[in-house]
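Asks: sequence-free structure coming up:
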């Protein structure tokens, strides 16, 4: 399979895909999520996560499903269950055998299924039969339904371009139609990557209430941290604040700032300093087990923060370039503490 070209991309995107409405575009192209959020930690599930995008995004991801059928809600698709303290995903309402679409450009980094015994198992072009058994491309049974975990057939895409560093994870599929082997693993936004199915869930297989379960993670080296998908994935969850609609984003998402970009960066820097101080204080009077857990969380935080800082710097660079009559007369340094650019040591003012 050859790598997709620009013409291929135009062909597969086509029409009927989710493109965010005018209200959403205005917000997504402003400084949405410019202030770096802190990593949260759930002591029950023992998962670290971001409540919103850790690195600014220019727009929402494209829809993972086509805008047609009974589950369309305006310019987005409906979900029947969303991000909660015990459910770190979006469950989209689907019909069986619907095309599942890549939400952005990137590379397939995992394709296979979730096993109860072995965890994630790579299987090229995995699919299920009518009984929920996992089949290889040649039709051989690789795993019985009894060994299929809640994720079922799954596929991960590590994104580039507008969503550099983000990974979308698609679960409960019926089949996978793209390869996870380079260079054939390159996909483009809107490309069909598989079809919906009934794999996974509590019983390992069910076609009575099929759904597509979506998770989004932010990656930094070997560390991957969940991100609440409601902040960057289009969806409709009637009666709930944390869903998007055709007119704009929900009020539970970090929205356009009331301060200049530089002021936000400075506020973010101060917040991180306070968090570091609080973390140091909290380490006092803890036992060995608690200390090890705190150290592990701190290590994750440091790596993710460094990557998020780089994203903030890129955003600040874009904001500087966008200013009218911009001219650079010497070496530039970004002062994170004050949120300003310095040229030859001279403050260039807030962005």
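Replies: That came in fine, so what should we check first? On a predicted model such as this, the values are computed, not experimentally measured, just so you know. Residues are numbered from 1 along each chain as shown.
Asks: In the stretch 1-150 of the chain, where is pLDDT below threshold?
Replies: Across the stretch 1-150 of the chain, the ranges flagged by pLDDT under 70 are 1-38, 56.
Asks: Specify the local secondary structure of residue 111.
Replies: Following DSSP: H, G, I helix; E, B strand; the rest coil, the label given to residue 111 is strand.
Asks: and it, bridged to which residues?
Replies: residue 155 (DSSP bridges).
Asks: Tell me how many other residues surround it.
Replies: Neighbour count for residue 111, taken as other Cβ atoms under 10 Å: 27. To be clear about C-beta, it is placed using only N, CA and C from the backbone, and glycine gets the same treatment.
Asks: Equivalent analysis for residue 204, please.
Replies: Neighbours of residue 204 using other Cβ under 10 Å come to 23.
Asks: Identify the residues contacting it.
Replies: Residues near residue 204 by Cβ atoms under 8 Å, 6 or more residues apart in numbering: 132, 145, 146, 147, 148, 149, 152.
Asks: Ignoring the adjacent residues along the chain, who's closest to it?
Replies: residue 148 (3.9 Å; Cβ to Cβ, 6 or more residues apart in numbering).
Asks: tell me the contacts of that neighbour?
Replies: When contacts are taken as Cβ under 8 Å, 6+ apart, residue 148 is in contact with 113, 114, 115, 116, 132, 134, 199, 200, 204, 205.
Asks: again with residue 85
Replies: 42, 44.
Asks: gap between it and residue 189?
Replies: Noted for residue 85: a distance of 31 Å to residue 189, by Cβ to Cβ, to the nearest Å.
Asks: quick one on the thing from earlier: could you report the separation of the residue nearest to residue 204 from residue 167?
Replies: 22 Å.
Asks: what's the answer for residue 113, then?
Replies: 18 Å.
Asks: more crowded one of the two?
Replies: Higher neighbour count among residue 113 and residue 167: residue 113, with 29 against 20, using other Cβ under 10 Å.
Asks: Contacts only, for that one.
Replies: Per Cβ under 8 Å, 6+ apart, neighbours of residue 113: 120-121, 123, 126, 134, 142-143, 148-149, 151-154, 199.
Asks: Quick check: strands, which of those residues are part of them?
Replies: 120, 121, 134, 142, 143, 148, 149, 151, 152, 153, 154 (DSSP state E).
Asks: who wins for neighbours among the residues you listed?
Replies: residue 153 leads the ones in strands among the contacts of residue 113 on contacts (other Cβ under 10 Å) with 29 neighbours.
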